[in-house]
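[1] After the sequence you'll find the predicted model.
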Amino acid sequence: MAGRFLPGTEDLMRIRFAVSPLWETLAAVHTLGTPQRRSYHLPWARAVEAHAGSDLAPLRLLLPRPGFVPDFLTPVPEEPVADIADEIARVRATPPEQVDKELRACLLDPRRGLAARVSGPLLADPAATRDRLADLLAACWQRLVRPWWGRVRSLLEDDIVVRSRALAEGGLDRLFADLHPDVRREGEALLVEGPEHTERILAGEGLVLMPSAFLWPELTPIMAPPWQPALAYPARGVGRLWGEEADPPPGTLARLIGRSRARLLTALDEPATTTALAHAHGLSPAAVSGHLTALRDAGLLETRRVGRRVFYARTPLGQALLNGGSAGGDTGVRP
């Protein structure tokens, strides 16, 4: 089965990207209790387990099993990067009747098999439940996401740069070609594979695409009215989020330009900022900035400015050096 977004011409012109700290917070709660997702975030999971607390039960009851997850918990951002306080305020402003409707669709789904003694307390007073969940989300943000938000946000914004470039260079076909295996275009429709069959006809609202670190490797469409149509998808580079390098830089390259500079040159398969590289490699931004400047001055990197942010990318000379450094039998890095 599949969900279908049916956009009009105006909607296709209004596709935009957004970053939501609240979305990441709810996804982080889900990740802690989901082995498949947790495996991508083990350093983080080990760090937060002791502080997660036992009061996550109300949120976990609402998280994905078969069926619907309440959309009022994660209102789609109205700006490129949402402010967490504004997002929590929007949750608190949800009309009680909308809260009640979504809680019932979630908790009373027979596929969940929840006993009345479990679902009843959450359904008894929708406004009180809404406020309790908002408080819990705010606490989860502080414990689970805020300490790591710098690196998570850098990952999400770097993904948006890559996707925006794909959209500019190749249009919608290029954008959706590698967004996620479960997304494809079929004529003017956008199909999202999943267990639910839902259809949303867009009427000028546009479509918001939200990269997510903690959603990996899944995909979540937001299709039910009255909410802004949106699609949350796994961001690129999650495997490097917690500073674990997949492969060491080639030994000959490390001896030629130094270990840290070799690591940075090797890591730039996609353009990245100083901050993102510092988080990924456990180095200070000042140290990374110095290494990147030296590599740029040597003609191995170039800079690209996007708004107020500067991205570094390998030049053809840098790529040639990396390819040459990969040749030979020594692939270890010595201190």
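    Okay, I see it.

[2] Output stretch 50-60 as CSV - backbone C-alpha positions only.
    What follows is stretch 50-60 as a C-alpha-only set of coordinates in CSV (Å, rounded to 0.1, in the frame of the first residue of the first chain):
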residue,chain,number,x,y,z
ALA,A,50,20.4,7.2,32.6
HIS,A,51,18.7,10.6,32.2
ALA,A,52,15.8,9.5,30.1
GLY,A,53,13.6,8.8,33.1
SER,A,54,10.7,6.5,33.5
ASP,A,55,8.1,9.2,32.7
LEU,A,56,8.3,8.6,28.9
ALA,A,57,5.5,6.1,29.0
PRO,A,58,2.7,8.5,27.9
LEU,A,59,4.7,9.5,24.8
ARG,A,60,5.7,5.9,24.0
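
[3] Now do that stretch: everything it contacts.
    Here stretch 50-60 makes contact (C-beta atoms under 8 Å, 6 or more residues apart in numbering) with 26, 29-30, 32-33, 73, 122, 129, 132-133, 136-137, 139-140, 143-144. All C-beta atoms are positioned from the backbone trio N, CA, C, and that covers glycine.

[4] excluding its backbone neighbours, what's nearest residue 174?
    residue 166 (4.7 Å; C-beta to C-beta, 6 or more residues apart in numbering).

[5] Neighbours of that neighbour, how many?
    Residue 166 has 18 neighbours, counted by other C-beta atoms under 10 Å.

[6] how about it, what does it touch?
    By C-beta under 8 Å, 6+ apart, the contact list for residue 166 reads 174-175, 177-178.

[7] Over to residue 233?
    179-180, 183, 209-212, 215, 219.

[8] Now it: closest residue in space that isn't a chain neighbour?
    Spatial nearest neighbour of residue 233, chain neighbours left out: residue 180 (5.0 Å); criterion: C-beta to C-beta, 6+ apart.

[9] Quick check: that neighbour vs residue 16, distance?
    Separation of residue 180 from residue 16 (C-beta to C-beta, to the nearest Å) stands at 18 Å.

[10] ok, back up a step: in the contacts of residue 166, which residue is surrounded by the most others?
    Neighbour tally across these (other C-beta under 10 Å): the maximum, 20 neighbours, falls on residue 175.

[11] which residues of the stretch 101-250 of the chain score low on pLDDT?
    194-197, 201, 203, 243-250 (pLDDT under 70).
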